[in-house]
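Engineer: how would this look folded up:
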Amino acid sequence: MLDLMANLAIPVIMLIIIVYGKYKKVDVFESFITGAIDGLKTALNILPYIIGIFIAIGIFKSGKGIEMLEFIFAPIANFFNIPKELIGLIMMKPISGSGALGMYSELAARVSVDTLVEKMGATIVGASETVFYTMAIYYGSQKIKKTRHTLVCALLSHFAGVLASVYICYLMFG
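Structural biologist: As a prediction, the model looks like this:
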């Protein structure tokens, strides 16, 4: 029964949208095309920001930036009882989701699956956001230059998510 509901969810939602649009006398197909065109315009507007982020990540990774950050932040990680294997992942996640996923895959291969450190890494990947990427997309598409307190608050929430991930994994699996 649950599989049937899952398989029918999207077609039913689409049908509801079409019926409601016809009820309101809206040309649903024309509205869809207009929305798709607007979406493509937005994608073109944010493309330079996306390219810039990916180039910066590539330079950072190839320039041994992760290793330098691990060296710098090891004392802080020790203070919070965070395994040093997670430092690179913690630093990469706010920058790039795909980069963090790649680092998590390397972490899982290195420490093996179903270890406490691997579970912490998986939880961190799921519990945090790609702060810089998201800000570049949202603020870049709207041409906003003054982000006010967004970066500080987003990085604090990332740090809170990391600490929660680590300590919950210690409680659940440690």
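Engineer: Every contact and neighbour count from this point should use C-alpha atoms.
Structural biologist: Fine.
Engineer: can you map out the helices along this protein?
Structural biologist: Taking DSSP state H to define them, one finds helices in the chain at 2-23, 28-62, 65-79, 87-92, 97-111, 116-127, 131-141, 150-173.
Engineer: Can you work out which other helices and strands pack against the fifth one?
Structural biologist: It refers to helix 97-111. Of the remaining helices and strands, those touching helix 97-111 by 3 or more Cα pairs under 8 Å, 6 or more residues apart in numbering; DSSP states H and E are helix 87-92, helix 116-127.
Engineer: can you tell which of the ones you listed is closest to Val12?
Structural biologist: helix 116-127 (29.5 Å; Cα to Cα).
Engineer: now for that closest one, which elements pack on it?
Structural biologist: Applying 3+ Cα pairs under 8 Å, 6+ apart, we find helix 116-127 packed against helix 97-111, helix 150-173.
Engineer: let's see 6 Å
Structural biologist: Using 3 or more Cα pairs under 6 Å, 6 or more residues apart in numbering; DSSP states H and E, the elements in contact with helix 116-127 are helix 150-173.
Engineer: in the helix it packs on, what's buried?
Structural biologist: Across helix 150-173, burial judged by 16 or more other Cα atoms under 10 Å covers 154-155, 157-159, 161-167, 169.
Engineer: biggest separation within these, which pair?
Structural biologist: Ala154 and Cys169 (22.3 Å).
Engineer: re earlier: looking at the helices and strands packed on helix 97-111, which has the lowest confidence?
Structural biologist: Ranked by mean pLDDT, the helices and strands packed on helix 97-111 bottom out at helix 87-92, with a mean of 90.
Engineer: gap between that helix and the chain center?
Structural biologist: 13 Å (Cα atoms, centre = their mean, to the nearest Å).
Engineer: again with stretch 116-135
Structural biologist: Taking Cα atoms, centre = their mean, one finds the center of stretch 116-135 at 7 Å from the center of the full chain.
Engineer: Please measure how far the first residue of that stretch sits from its last one.
Structural biologist: With Cα to Cα, to the nearest Å as the measure, stretch 116-135 spans 32 Å from end to end.
Engineer: For that stretch, which outside residues touch it?
Structural biologist: The contact list for stretch 116-135, computed with Cα atoms under 6 Å, 6 or more residues apart in numbering, reads 93-97, 108, 158, 161-162, 165-166, 169.
Engineer: What residues sit buried inside that stretch?
Structural biologist: 116-125, 128-135.
Engineer: Kindly report the same for stretch 134-152.
Structural biologist: Within stretch 134-152, judged by 16+ other Cα under 10 Å, the buried ones are 134-137, 139-141.
Engineer: what's the answer for stretch 102-121, then?
Structural biologist: 103-105, 107-108, 116-121.
Engineer: and of the contacts of stretch 116-135, the nearest to Gly35?
Structural biologist: Gly97 (26.8 Å).
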